[in-house]
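J.: how does the following fold in three dimensions:
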Amino acid sequence: MLPAHNGERCLAIREVLSRIGDKWSVQIVGALGAGPKRFAELLRSIEAISRRMLTLTLRNLERDGLVHRKVFPTVPPAVEYSLTPLGETLLEPVAALAAWASDNRLAVQTARHKFDERPTPPAQGHE
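T.: Next up, the predicted model:
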């Protein structure tokens, strides 16, 4: 059951979900759940993500305290990413969401297909 809504609580939920709810953040958290990884390892393990999007998403996850970036003093510098303790708390909810998505993918696709086959009603102001 979901908690009661109020304006401030809804804003907090939206702010957090805007970060962790995007497709790249979820995949990065999942990949780092198996242990620390270097940038190139993440790039190879996350299908279709660009270098730029991986960089931006990692930076945002680091800013939000979910990912730790460790720079090794080598030439060239090596960088390793890992989940912070806060980031680790996301693993269980992300796994539950992934399981739900996998279990219900066909039902969602069927519902979308039925919806898309309906005739479009005429516009009547705000819905």
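
J.: tell me the centre residue of the protein?
T.: For the chain, the residue whose C-alpha lies nearest the mean C-alpha position (CA atoms, centre = their mean) is V26; its distance is 2.6 Å.

J.: so it sits in a helix?
T.: Yes: membership of V26 in a helix is supported by DSSP: H, G, I helix; E, B strand; the rest coil.

J.: show me what contacts it?
T.: If a contact means CB atoms under 8 Å, 6 or more residues apart in numbering, then V26 has 20, 94, 97-98 as its contacts. For every residue, glycine as well, the C-beta is placed using N, CA and C.

J.: tell me which of those is nearest to A48?
T.: Comparing the contacts of V26 against A48 with CB to CB picks out A98 as the nearest, at 17.0 Å.

J.: local confidence estimate at the nearest residue to the closest one once chain neighbours are set aside?
T.: Spatial nearest neighbour of A98, chain neighbours left out: G30 (7.3 Å); criterion: CB to CB, 6 or more residues apart in numbering. Turning to G30, the model gives it a pLDDT of 93.

J.: and E80, by the same measure?
T.: Each residue has a pLDDT score; the one for E80 is 98.
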